[in-house]
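>>> next come a sequence and a model predicted from it.
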Amino acid sequence: MSGRRSAWILATAAFGLVAWAVLSLPTPAPGLTDRAFAALDDSGVTNPVTAVLLNYRSTDTLLELGVLLLAVVSVWGLRPSTGASFGRPPGPLLEGLLRILVPLLVLFGGYLLWIGAFAPGGAFQGGALVGGAIVLAVLGGLSPSRFGDRPALLRAGLAAGLAVFSCIGLSVMIAGGWFLDYPGRSAKVLILIIEAAATVSIGLTLGCLFIGGRPTTDGGPEPES
Amino acid sequence: MNPAPATLFLLVGAAIFAIGLAGVFRDAGALRRIIAVNVMGSGVFLFLVAVADRSGGRPDPVPHAMVLTGIVVAVCATAVALTLADAVRGRGDQDPDGGGR
Amino acid sequence: MAVSLVFDGLLALLILTLAWRAVTDRLQFRAVVSFVALGLVLAVTWFRLSAPDLALAEAAVGSGLTGALLLAALRRWSDRDADSGGSSTRSEP
């Protein structure tokens, strides 16, 4: 079919172009490595990726948390309610496994959050594990409508990361500085607070994205409020 | 162990991007196109990380942060795209998987 | 020295093969599985390219959660097709 063939021709042309650009890059590549590592002592953390995410380019991470929230809002807007449950009720083996795994995953997510300051880890990795715990629980029989029992709490959790991040940024500005310009030695503590809120938010967001609908208490459409 | 040859993975990243691009233009249904877009994204990530690894001893952390952001945003976009495809499918009269094959 | 080169070569070959299958496989289910496997191989590649934070995130989110989303969508769509009496769209030409 000519449509498919032209797709592959386009792909080959794209690859040729990018390969030519790649092979004409200078070596060693100029980058921001030296400047990033030079400012590491003042950044409050020792893991350079965390420093970039939460200090040097903190506004980008703020906007990313906004994108996460936007994704949940979009999915909830497109699909008004979610079904009662995802799969069959779990057998005893699966239930026993989940009783061990889900709390362990949440604990490990918290561990990754803490260790992100000085080793590979951080808010996103910890949040991913928490989200995975939610996905496991839902697949193992937890009814998604349970998330609709306290909608205000769920929404607060989803917005917590963005809210805490913005509040800290604004309060730093009020205390006399630029937006998100952590003053003096407080960078370490502020980054930890922001990352903790972000972990909760990311975990809940990923779980809600998997559930795929606005959770209602009885599985029916949410009443107009 | 020797450091990985970054140039090899640069080219692999470009190839994956091209494969994903071809997949997007093939008229093969919503799910396959979403997978193809994700493959394109993975190609870009591989490219960025390989570029980061080229700068001497320590890897450049800025592209790492960009790719981390990219991974999370890609999964959000995939979730929204799947929900959109679901909404289009649900109409019944317009099948997004039909059309030229 | 040759060992690391062989390892990198194998990784590159795996990535290319999995990406090819994810895009061109006849069965949708196999394409999704190839994509999940691609994510996991990429996680190993991130380790090889000195990016352990990315490896953690890719394995959990990029491969795991995206795979779960795709499989859930696939099941929803084949269920809906079965309900409406049409033929299953799991295999497409």
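Good, I have the coordinates.
>>> what sits against the residue nearest to residue A:175 when sequence neighbours are not counted?
Using CB to CB, 6 or more residues apart in numbering or on different chains and skipping residues adjacent in sequence, the residue nearest residue A:175 is residue A:183, 6.7 Å away. To be clear about C-beta, it is placed using only N, CA and C from the backbone, and glycine gets the same treatment. Contact analysis of residue A:183 by CB atoms under 8 Å, 6 or more residues apart in numbering or on different chains lists A:172, A:175, A:177.
>>> mind checking how far the spatially most central residue of chain C is from residue A:19?
With distances taken as CA atoms, centre = their mean, residue C:35 lies nearest the centre of chain C, 1.2 Å away. Noted for residue C:35: a distance of 24 Å to residue A:19, by CB to CB, to the nearest Å.
>>> also residue A:52?
With CB to CB as the criterion, residue A:52 and residue A:19 are 28 Å apart.
>>> then residue A:193?
45 Å.
>>> re earlier: let's verify the residue nearest to the centre of chain C: helix, strand, or coil?
helix (DSSP: H, G, I helix; E, B strand; the rest coil).
>>> ok, for it, nearest residue in space, not its chain neighbours?
residue C:22 (4.2 Å).
>>> SS state for that neighbour?
helix.
>>> next one: the one 10 residues further on
The three-state assignment at residue C:32 reads helix, by three-state DSSP.
>>> hmm, it is touching residue C:72, no?
No - the pair residue C:32 / residue C:72 is not scored as a contact, 10.3 Å apart, by CB atoms under 8 Å.
>>> and these two? Which one has more around it.
residue C:32 (23 against 18; other CB atoms under 10 Å in any protein chain shown).
>>> gap between the more buried one and residue A:211?
Relative to residue A:211, and taking CB to CB, residue C:32 is found at 19 Å.
>>> if you rank the contacts of residue A:183 by neighbours, which is first?
With neighbours taken as other CB under 10 Å, the top of the contacts of residue A:183 is residue A:172, carrying 18 neighbours.
>>> now do the same contact list for it.
Taking CB under 8 Å, 6+ apart as the test, what residue A:172 contacts is A:178, A:179, A:180, A:181, A:182, A:183, A:190.
>>> now the last one: which helix or strand?
This points to residue A:190. helix A:187-211 (DSSP states H and E).
>>> repeat that for the fourth one.
Taking DSSP H and E as the definition, residue A:181 sits outside all helices and strands.
>>> need the longest helix for chain B.
helix B:61-89 (DSSP state H).
>>> which of residue A:52 and residue A:19 has more neighbours?
Each of residue A:52 and residue A:19 has its neighbours counted (other CB under 10 Å); residue A:52 has more, 26 against 15.
>>> verify the stated contact: the more buried one with residue B:65.
Yes - at 4.0 Å, residue A:52 counts as touching residue B:65 under the criterion of CB under 8 Å.
>>> residues from chain C in reach of chain A?
Proximity of chain C to chain A is confined to C:52, C:53, C:55, C:56, C:57, C:60, C:61, C:64, C:65, C:68, C:69, C:72 under the rule CB under 8 Å from any CB of the partner chain.
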